[in-house]
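K.L.:
prediction below, plus the sequence it came from.
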Amino acid sequence: MSASDAAIISTSIDEPARFAEIFDRHVDRIRRYAVPRVGTSAADDVAAETFRIAFEQRGSFDPEAAGALPWLYGIAANLVRRELRSRARGYAALERLAARPSPFADPLSDVASRLDARDELDDLRDALAALGEDERELLLLVAWDQLSPTAAAQVLGIPAETARTRLHRARMKIRSHPTNRTAMEAMTDATR
């Protein structure tokens with residue numbers, strides 16, 4: 001029988017090499033968590049940084065916890081948020097740059113498809129903006145990472161009942177959002 005996460009982490013205080021067992025057990029789940037949020041290459045960085053931070057903070061791990069995965073998800077969630085904030089700043093700069101007219105572009109070429117794509121992007125942005133950050137993250141944990149609402153609640157550090165309420169609220173907002181109802185219904189159906 002293999003040792004529990006708590007036992008391995010506790011042992012790793014005196015025997016740091018034992019922490020590699022935690023890495024081996026959970027790195028794939030943490031990477032899968034990060035991929036849909038930040039992309040494949042950044043997910044590797046998020047996973048590596050998650051375990052670096054966890055290793056440094058292993059002394060603060062709650063030995064009564066059922067497992068290390070919710071703790072690791074919490075660290076990864078903070079890193080994902082940091083990455084997304086950084087990207088948002090970069091995207092804003094790119095949008096400012098893209099708003100400038102190109103001296104070489106034909107202003108009439110492919111106008112219809114560019115307008116349609118822009119409208120779809122705006123609709124998606126509006127639907128996601130209708131959700132609070134807590135609702136959005138909870139929905140993504142349940143839909144993309146296939147966590148139960150109870151496990152997602154552990155990751156977010158909230159009571160399970162609060163998670164179920166927020167998840168219900170997020171589903172209702174997405175279903176009722178007028179600009180993106182059809183596309184987003186598929187995502188909410190995946191969380192059932």
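P.N.:
Arrived safely. Residues are numbered from 1 along each chain as shown.
K.L.:
which residues in this structure form helices?
P.N.:
5-12, 19-38, 40-56, 69-98, 111-129, 133-143, 149-156, 160-176, 181-190 (DSSP state H).
K.L.:
buried residues in the fourth one, which are they?
P.N.:
By neighbour count with 16 or more other CB atoms under 10 Å, helix 69-98 contains the buried residues L69, P70, W71, L72, Y73, G74, I75, A76, A77, L79, V80, E83. The C-beta positions use only the backbone N, C-alpha and C, and glycine is treated the same way.
K.L.:
pLDDT score assigned to the residue nearest to the spatial centre of the chain?
P.N.:
Central residue of the chain (CA atoms, centre = their mean): R37, 4.7 Å from the mean position. Note on R37: pLDDT of 89.
K.L.:
pipe the helices of the chain into TSV and attach distance to P63 per row.
P.N.:
Formatted as TSV, the helices of the chain follow (distance: least, CB to CB, whole Å):
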stretch	distance to P63
helix 5-12	5
helix 19-38	13
helix 40-56	14
helix 69-98	11
helix 111-129	38
helix 133-143	24
helix 149-156	16
helix 160-176	22
helix 181-190	35
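K.L.:
burial of Q146, as a residue count?
P.N.:
13 (other CB atoms under 10 Å).
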